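Undergrad: Okay, sequence plus prediction incoming.
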Amino acid sequence: MSDITLPARPTHMRMGSSIGQNLTRREGVLKTTGAARFAADNHPAGMVYAAIAGSDVARGRVTSLNVDAARAHPGVIEVMTPANAPPLAMDPDAKLHGFMFRLDLLQNDRVRYHHQPIAVVVAETLEAATEGAALLAPTYEVEPARTDLGADDSFVPAAVGAGHTASESHGDVEGGLDAAVVKMEATYDTPAQYHNAMEPHSIVVEWQGNTLSIDMPTQGFAMTQGRIAGLFGIPAENIAIRSPHLGGGFGSKALGVGPQILGIMAAKLVGRPVKLVLKREQMFGPVGHRAPTRQTLRMGTDGTGHLTALSHHARTATSSFDDFFEPAANSSHSLYASPAIATSHDAVRLDTGTPMFMRAPGEAPGSAALESAIDEMALACGMDPLVFRLANYAEYEPTTGKPFSSKALRECYEQGAARFGWAKRPMEPRQMRDADGMLVGWGMGTAVFPALMFQGQARARLLRDGTGVLEIGAHDMGQGAWTGLAQIAADALGLELDQIEFRSGASHMPDAGIAGGSAHTATAGAAIDGAGADVIGKLADLAMNDARSPLFGAGNAGVIARAGRLYRRDDEARSESYGEILARAGLDDIEGMGTGAGDPVLRSSYAMHAHGAVFAEVKVDPDFGQIRVTRLVGAFAAGTIVNPRMVQSQYYGGMIWGVSFALHEHAVTDKRSGRVMNANFGEYHVSVNADVPSIEAIMVEERDEHVNALGIKGVGEIGITGTVGAIANAVWHATGIRVRSFPITLDRLL
């Protein structure tokens, strides 16, 4: 596999820091001209096509498949079923750690959810493979599907989300509620939402003896390599994965999914390279989704509108055979000051595919309920929603008592409200109409997301010609990583951006960790910064220990790296270029390594979050209940902003997803059969261009000296967390109707 190398940026860059510059995407021309190669664009010699046959039922067993008819179809090479699937070195239902999901890999005839793969057809053409799959005509022994979130067989999971405790209690919640002057209790429902990135899951795979060459979209090389290695009993270093571009990931492409493994099995069975790409309806089942929730919030306040207690309980669902539980109630841990806070979860098992991480897992549905409840509590207290939030502003993290590493939420409230015009909002609902008689409502929601960091590595080289090379096994799924990380690399190496060759997107490069949890820029950026410091340090040692160098003996004062030269810190008239130092040492290049990881001491001492406030305007037809979001203003504080243009794009994307969550997106399951009834883009509604309102994202200045060396917090998920509640609250303000079940469709207002 060749390296994935970004083209050098052709325009002249100003001298000085690249961080903070408002640059366009380095890969933008590749994508707009169609030159960017996604996984399914690859066609190795001799490649054949695989198509999955998915189950038509949600629970039972396959009793027959017409394999002979499929094999007889012109162009069909083989049909892979449980009867002839290549043996695996590891049970796909085994779990060695919490980030390993159980996979359906044709090990038996059991059906555990609708659209579960039950066979794979391999053919010379995609058409033949698809037609062969249709000819299998499966029959089933059907069992009743379990579809009810309100079933009475709930249980308390051992952990929720990424290993968090299912229940936490701080202070006397019941006592605080009993003593409250004003109380509220309400239940909110959020629906199942299915992963549907523009690029469906795919794989192009070729076996070469005991090694694998793979093109696939992935958000995490090392974990995907490890999973494949375990299943096939080969060393991880024998697996080369290339993933330079992803057409969206949002969590579903982090860990490898069953259909991709089936592609590897199919290639092993037929002895030829195989391409397998999921159809849109096949995204509804085997690749993860956001589970439905039913959340009950109870709050009490004293006579001045200050919280005395907050209780947040969430029921969620997982599959019948695996364990992932949406940590929705945990969104109440860190936002509002209360002397007593309790969060808890329970769950039921349904006959669905296993839920998985999906953009802002836990925080997205949890904040939708919390921000709606906060508005209801403000109304009960007779207070403006913003005034109420400020009255309950947390100066320390409520559940831990830790100081925040930084928190500019007050500034977010102030700047967002000023830009939106919040001061003109009437307290009572149904007070505003536009010229066409549409009801107008204004609502707000607070946004918060933890500032996470994982572990990653990077390699940097300085060359004698004065340029640099940065290599990192990072992932760009549309968030702008190729641009932002290259900017960090330029600063770390003391070079201009067009002097950097930035290599990324392949598994043989240093592992940058998972692109997820809004942690990728912080993690990979810290690794790049460390690699730059390492290689500059080595270069400085060469110069400062060489009597022929003008930097000789500068050890105590140190040097500064800038514009391809090292300068004495105490006398910048004395300097030397990188190339001069390497040439005198007889070296063509010099290499350094860096690691990105959070400081465990600081992370145990401070609460680390990005914050924001979203303000929404909606217009509602008073006769037909049709809702349009007409204006969104979000103000966010997320530490160091590496590239404002990329960050703005992420804020916009999160807020647009919030519109989709609030008004459109939900999977409809047939309660009798367990089938997803709207497994297509015609009926599974997401926000399209016509739904996107006037939208503005304000970047509130914030410095954080504790979160990491660069002060970076993530921005990929926070935009959802304030937007859903803001829209729900605006709908109430427009209509006087409080809808507690998402999405808010017009029938709920009639």
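TA: All right, it came through fine. Values in this document were obtained by computation on a predicted structure and should not be read as measured data. Numbering: from 1, shown residues only.

Undergrad: Give me the longest helix you can find in the chain.
TA: When the chain is parsed with DSSP state H, its longest helix is helix 520-544.

Undergrad: immediately after it, which helix or strand?
TA: Past helix 520-544, further along toward the C-terminus, the next helix or strand under DSSP states H and E is strand 559-562.

Undergrad: re the thing from before, which strands and helices sit next to the longest helix of the chain?
TA: Helices and strands touching helix 520-544, by 3 or more C-beta pairs under 8 Å, 6 or more residues apart in numbering; DSSP states H and E, are strand 456-463, strand 468-472, helix 481-493, strand 559-562, strand 565-568, helix 578-584, strand 589-596. Using the backbone N, CA and C atoms, a C-beta is placed for each residue, glycine as well.

Undergrad: Can I get the last one in CSV? Just the C-alpha atoms.
TA: Pointing back at strand 589-596 there. Only the C-alpha atoms of strand 589-596 are listed here, as CSV (Å, rounded to 0.1, in the frame of the first residue of the first chain):
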residue,chain,number,x,y,z
ASP,A,589,17.1,13.9,7.9
ILE,A,590,16.3,13.6,11.6
GLU,A,591,13.3,11.9,13.2
GLY,A,592,11.2,12.4,16.3
MET,A,593,8.2,10.7,17.9
GLY,A,594,5.4,12.1,20.0
THR,A,595,2.6,10.8,22.1
GLY,A,596,-0.7,12.4,22.8
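
Undergrad: what about the protein, any weak spots by pLDDT?
TA: 1-16 (pLDDT under 70).

Undergrad: Domain-wise, how is it divided?
TA: 40-144+198-248+253-283, 402-452+600-750, 454-597 (automatic domain parsing).

Undergrad: quick one on the thing from earlier: pull out the buried positions in the longest helix of the chain.
TA: Using 16 or more other C-beta atoms under 10 Å as the test for burial, helix 520-544 gives 520-536, 539-540, 542-544.

Undergrad: so the closest residue to Ala35 other than its chain neighbours, which of the three states?
TA: Nearest residue to Ala35, sequence neighbours excluded (C-beta to C-beta, 6 or more residues apart in numbering): Val29, at 7.5 Å. Classification of Val29 by DSSP: H, G, I helix; E, B strand; the rest coil places it in helix.

Undergrad: Give the burial count for Val29, as a bare number.
TA: Neighbour count for Val29, taken as other C-beta atoms under 10 Å: 13.

Undergrad: Now do it against Ile472, distance only.
TA: Look at Val29 and Ile472: by C-beta to C-beta, to the nearest Å, they are 22 Å apart.

Undergrad: mind checking which of the helices and strands packed on helix 520-544 is nearest Pro191?
TA: With C-beta to C-beta as the measure, helix 481-493 is the member of the helices and strands packed on helix 520-544 nearest Pro191 (30.5 Å).

Undergrad: helices or strands up against the closest one?
TA: Going by 3+ C-beta pairs under 8 Å, 6+ apart, helix 481-493 lies up against strand 456-463, strand 468-472, strand 500-504, helix 520-544.

Undergrad: got JSON lines for the ones you listed, with distance to Tyr606 too?
TA: JSON lines is the format used below for the helices and strands packed on helix 481-493 (distance: least, C-beta to C-beta, whole Å):
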{"stretch": "strand 456-463", "distance to Tyr606": "21"}
{"stretch": "strand 468-472", "distance to Tyr606": "27"}
{"stretch": "strand 500-504", "distance to Tyr606": "31"}
{"stretch": "helix 520-544", "distance to Tyr606": "14"}
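
Undergrad: Looking at these, spot the one closest to Ser741.
TA: Proximity to Ser741, assessed across these by C-beta to C-beta, is greatest for helix 520-544 (33.7 Å).

Undergrad: just the helices in the stretch 551-700 of the chain please.
TA: 578-584, 600-605, 644-663 (DSSP state H, counting those that start in this stretch).

Undergrad: Quickly compare those and say which is most buried.
TA: Among the helices of the stretch 551-700 of the chain, helix 644-663 has the highest mean neighbour count (mean count of other C-beta atoms under 10 Å), at a mean of 23.

Undergrad: other SSEs contacting it?
TA: On a contact count with 3+ C-beta pairs under 8 Å, 6+ apart, helix 644-663 meets helix 363-380, strand 627-637, strand 694-699, helix 718-735.

Undergrad: mind putting the ones you listed in a markdown table, mean neighbour count and distance to Thr354 included?
TA: Formatted as a markdown table, the helices and strands packed on helix 644-663 follow (neighbours: other C-beta atoms under 10 Å; distance: least, C-beta to C-beta, whole Å):
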| stretch | mean neighbour count | distance to Thr354 |
| --- | --- | --- |
| helix 363-380 | 26 | 17 |
| strand 627-637 | 25 | 32 |
| strand 694-699 | 18 | 34 |
| helix 718-735 | 29 | 22 |
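
Undergrad: could you dump those to a markdown table with distance to Pro292?
TA: Putting the helices and strands packed on helix 644-663 into a markdown table (distance: least, C-beta to C-beta, whole Å) gives the following:
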| stretch | distance to Pro292 |
| --- | --- |
| helix 363-380 | 8 |
| strand 627-637 | 21 |
| strand 694-699 | 28 |
| helix 718-735 | 15 |
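
Undergrad: tell me which residues of stretch 453-463 are tucked away?
TA: Judged by neighbour count (16+ other C-beta under 10 Å), stretch 453-463 contains these buried residues: 453-463.

Undergrad: related to what we said a few turns ago, closest one to Gly34 among the helices and strands packed on helix 644-663?
TA: It's strand 694-699; of the helices and strands packed on helix 644-663, that one is closest to Gly34 (C-beta to C-beta) at 27.7 Å.

Undergrad: So which residues lie in contact with the closest one, not counting its own?
TA: Defining contact as C-beta atoms under 8 Å, 6 or more residues apart in numbering, one finds that strand 694-699 is touched by 412, 415-416, 419, 630-636, 638, 641, 644, 647-648, 651-652, 655-656, 719.

Undergrad: How far off centre is that strand?
TA: 20 Å (C-alpha atoms, centre = their mean, to the nearest Å).

Undergrad: again, but for stretch 332-349
TA: 22 Å.

Undergrad: Alpha carbons only: can I get that stretch in PDB?
TA: Extracted C-alpha coordinates of stretch 332-349, given in PDB (Å, rounded to 0.1, in the frame of the first residue of the first chain):
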ATOM      1  CA  SER A 332     -27.200  16.000  34.300                       C
ATOM      2  CA  HIS A 333     -23.900  15.500  36.100                       C
ATOM      3  CA  SER A 334     -22.000  18.600  35.100                       C
ATOM      4  CA  LEU A 335     -24.300  21.400  34.100                       C
ATOM      5  CA  TYR A 336     -26.600  22.900  36.800                       C
ATOM      6  CA  ALA A 337     -25.800  23.600  40.400                       C
ATOM      7  CA  SER A 338     -27.900  21.700  42.800                       C
ATOM      8  CA  PRO A 339     -27.100  20.400  46.300                       C
ATOM      9  CA  ALA A 340     -28.600  17.000  45.500                       C
ATOM     10  CA  ILE A 341     -28.400  15.200  42.100                       C
ATOM     11  CA  ALA A 342     -29.300  11.600  41.300                       C
ATOM     12  CA  THR A 343     -29.000   9.900  38.000                       C
ATOM     13  CA  SER A 344     -30.000   6.300  37.200                       C
ATOM     14  CA  HIS A 345     -30.600   4.000  34.300                       C
ATOM     15  CA  ASP A 346     -32.500   0.800  33.500                       C
ATOM     16  CA  ALA A 347     -32.900  -1.100  30.300                       C
ATOM     17  CA  VAL A 348     -34.800  -3.700  28.300                       C
ATOM     18  CA  ARG A 349     -33.600  -6.100  25.700                       C
END
